[in-house]
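> quick check, what structure comes out for this input:
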Amino acid sequence: PAPAAAATADASSTAALKAELAAERQKVASLEAELLATRQKAELELQRAAAFWVEQLAAARGAATAIEATAVEPPVQVVADLVAVEAPLIDEKMSLRELRAKLLSFGLSTIGLKSELRKRLSDAMLDERLQHQSWDPTTLKWATPSSTAQP
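A predicted model of the protein is given here:
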């Protein structure tokens, strides 16, 4: 009788475990279905928000092009040279120490002969002058010294 009682106890516990497992599987299936529905809802809301902002952007671009089409731009007058391009005046009596100090203020090398230093300083001063007179009205920026340097 003892082994038969143990067998029935095992059978009843197995049946209870199978019933519990079936209930857990059903619970998992319902949670997965709920998760899928939530993901679909979130994706739909994301697509609606994206569509809204795409429409807003298109409307803003349309308004901007309409404004640009109706606006008449006055012709831009380009002033060729506000300041005559001439070599900067560097005093011939400047000492080597003064030349080097000026070159350092431009962040340039101070190594070389006095004539080389004078030429280097002259070029730096000319580049600075050209930069401040070379306003490009099409790009609304200062032109770079290398693009405006005179030969």
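> which residues of this protein fall in strands?
Assigned by DSSP state E, the strands in the chain fall at 135-136, 141-142.
> the last one - what's its average pLDDT?
Read that as strand 141-142. Mean pLDDT, strand 141-142: 68.
> the first one too?
Strand 135-136 comes out with an average pLDDT of 68.
> could you do stretch 98-108 as well?
Mean predicted confidence for stretch 98-108 is 93.
> C-alpha coordinates for it, PDB please?
Extracted in PDB, the C-alpha atoms of stretch 98-108 (Å, rounded to 0.1, in the frame of the first residue of the first chain):
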ATOM      1  CA  GLU A  98      61.100  95.700 -32.300                       C
ATOM      2  CA  LEU A  99      60.700  93.600 -35.500                       C
ATOM      3  CA  ARG A 100      60.700  90.400 -33.500                       C
ATOM      4  CA  ALA A 101      58.200  91.800 -31.000                       C
ATOM      5  CA  LYS A 102      55.800  92.800 -33.800                       C
ATOM      6  CA  LEU A 103      56.100  89.400 -35.500                       C
ATOM      7  CA  LEU A 104      55.400  87.700 -32.200                       C
ATOM      8  CA  SER A 105      52.200  89.800 -31.800                       C
ATOM      9  CA  PHE A 106      51.100  88.300 -35.200                       C
ATOM     10  CA  GLY A 107      52.100  84.800 -34.000                       C
ATOM     11  CA  LEU A 108      54.800  84.500 -36.700                       C
END
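> may I see the buried residues of that stretch?
Using 16 or more other Cβ atoms under 10 Å as the test for burial, stretch 98-108 gives 99-100, 102-103. Where you see a C-beta, it was placed from the backbone N, CA and C, and this is true even at glycine.
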